[in-house]
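*Asks:* pasting a predicted model and its sequence here:
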Amino acid sequence: MPLPAGEPFLEAAKKRRLLFDGAMGTEIQKLSPEPKDFPDGKDGFNDGLILTRPEWIKKIHRSYLEAGADCIETNTFGSNRFKLDEYGYGGQTVEFNKKAAQLAREVADEFEGRYVIGSMGPTGFLPSSNDQDLGQKPLDEIREAFALQAEGLILGGVDALLIETSQDILEVKLAIEASHQAMKKAGKKVPIIANVTLDQYGKMLLGTSVQAAYTTVSDMGIDFFGLNCSTGPVEMEPSVKWLAEQDLPILVMPNAGMPHNEGGKAVYKMGPEEVAHRMADFVKSYENVRLIGGCCGTNPKHIAELRHVLDTPSE
């Protein structure tokens, strides 16, 4: 069912469940990129493809929209200043993110009533830890790295910001503060979705439980709390059940099952129908699950099956 053009993201999510896209990285790999395809030949700089191979990124965005996604995420998972510094683009963080958002917006506008979500992945530091390397970065520097990214995404026209795949709850807090700071600077308010990543036992990397994570950030002016990555839908079920009883609406974006190591590569074996079957249980059981989508190992076929779940009246 097409969404009404111009309806604000929050309003749409209250009226109906919205479908996010699936994985970006694995779809890029299917295009067999070579070092020459990346900016300055820097192999693996996936976010940089918005500059050198924008047609590839548009194609991936479009494939998810054609599969029925209501929302596409910008190709900016690793576009905070620290990550961009690794490739020599840290000084262009605002403009880089703005360009990625505009690219996604261009594709979304080919369809009626679709949304662009600004993806903000982790910095690579763990401010809560005592690690000599990962735990020593000043907090104001981490906050500023996110603020520059959020500013660019907002200026580029995103409908919401997604803090995702978060492994340290202190970093999530800093990213939320940075998002509010960026909105104030840009003079525009957009919804904030704060996602954490849990292991199969319901804990973040540094041991924070889902209950503690939610309680820590739920009163910081965020609009949704969610889970993505690390596990499949089966392992997420206890955490989703608890979250669904809380006040904030929820986003659930599992991997296509738990990763299997095959030849040094992570392989995800849960097919579209199985993922959709598991997610249908969440949709049927928990009214607070307002947003769903896919993470690692999911592709347009998974999203098409999830579209069917949302479009099929529950019995």
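*Replies:* Done, it's in. Residues are numbered from 1 along each chain as shown.
*Asks:* where do the strands sit along the stretch 201-315 of the chain?
*Replies:* 224-228, 250-253, 260-262, 265-267, 289-292 (DSSP state E, counting those that start in this stretch).
*Asks:* just how off-centre is the first one within its chain?
*Replies:* Right, the one you point to is strand 224-228. Remark: strand 224-228 is offset 9 Å from the chain centroid, using C-alpha atoms, centre = their mean, to the nearest Å.
*Asks:* ok, back up a step: nearest to N195, out of the strands of the stretch 201-315 of the chain?
*Replies:* strand 224-228 (4.2 Å; C-beta to C-beta). In short, each C-beta sits where N, CA and C put it, glycine included.
*Asks:* what pairs with that closest one, and is each one parallel or antiparallel?
*Replies:* Strand 224-228 sits in its sheet next to strand 192-196 (parallel), strand 250-253 (parallel), going by DSSP bridges.
*Asks:* roughly how far does the closest residue to L205 other than its chain neighbours sit from V196?
*Replies:* The shortest distance from L205 to any non-neighbouring residue, by C-beta to C-beta, 6 or more residues apart in numbering, is to Q167 (3.9 Å). Look at Q167 and V196: by C-beta to C-beta, to the nearest Å, they are 8 Å apart.
*Asks:* then G221?
*Replies:* 17 Å.
*Asks:* which of these two has more residues huddled nearby?
*Replies:* Taking other C-beta atoms under 10 Å, G221 and V196 do not tie; V196 has more neighbours (28 against 14).
*Asks:* so that one makes contact with V172?
*Replies:* Yes - under the criterion of C-beta atoms under 8 Å, V196 makes contact with V172 at 6.6 Å.
*Asks:* need the residues touching each of the two.
*Replies:* S166, A213 (C-beta atoms under 8 Å, 6 or more residues apart in numbering).
*Asks:* got a list of contacts for the helix or strand bottoming out on mean pLDDT in the chain?
*Replies:* When each helix and strand of the chain is scored by mean pLDDT, DSSP states H and E, strand 265-267 comes last, with a mean of 88. Contact partners of strand 265-267, identified using C-beta under 8 Å, 6+ apart, comprise P259, H260, N261, C296, G297.
*Asks:* most surrounded residue in the residues you listed?
*Replies:* G297 (25 neighbours).
*Asks:* that one contacts N255, doesn't it?
*Replies:* Yes - contact between G297 and N255 holds when scored by C-beta under 8 Å: they sit 5.2 Å apart.
*Asks:* give me the common contacts of these two.
*Replies:* Y268, M270.
*Asks:* ok, D47 touching E73?
*Replies:* No - counting by C-beta under 8 Å, D47 sits too far from E73 to count as a contact (11.8 Å).
*Asks:* buried residues, stretch 179-196. List them.
*Replies:* Within stretch 179-196, the residues that count as buried by 16 or more other C-beta atoms under 10 Å are 179-183, 186, 190-196.
*Asks:* C229: which of the residues you listed is nearest?
*Replies:* Closest to C229, out of all of the buried residues of stretch 179-196 and judged by C-beta to C-beta, is N195, at 8.2 Å.
*Asks:* could you check how far the closest one is from K15?
*Replies:* Taken as C-beta to C-beta, the span from N195 to K15 is 22 Å.
*Asks:* now L51
*Replies:* Distance from L51 to K15, by C-beta to C-beta: 37 Å.
*Asks:* what of G78?
*Replies:* Taking C-beta to C-beta, one finds G78 at 33 Å from K15.
*Asks:* who has more neighbours out of those two?
*Replies:* Ranked by neighbour count (other C-beta under 10 Å), G78 and K15 place G78 first, with 23 against 11.
*Asks:* hang on, that one is in a helix, isn't it?
*Replies:* No - looking at G78 with DSSP: H, G, I helix; E, B strand; the rest coil, it is coil, so not inside a helix.
*Asks:* got the contact list for it?
*Replies:* Here G78 is in contact with N46, D47, L84, G121 (criterion: C-beta under 8 Å, 6+ apart).
*Asks:* which of the residues you listed lies closest to S285?
*Replies:* So of the contacts of G78, ranked by how close each gets to S285 (C-beta to C-beta), first place is G121, at 29.3 Å.
*Asks:* in contact with that closest one: list those residues for me.
*Replies:* T76, F77, G78, N80, K83, E164, T165.
*Asks:* are any of the residues you listed buried, and which?
*Replies:* T76, F77, G78, N80, K83, E164, T165.
*Asks:* tell me the two of those residues that are most distant?
*Replies:* Top of the distance list for these (C-beta to C-beta): K83 and E164, 13.5 Å.
*Asks:* just the strands of the stretch 201-315 of the chain: most buried one?
*Replies:* strand 250-253 (a mean of 26; mean count of other C-beta atoms under 10 Å).
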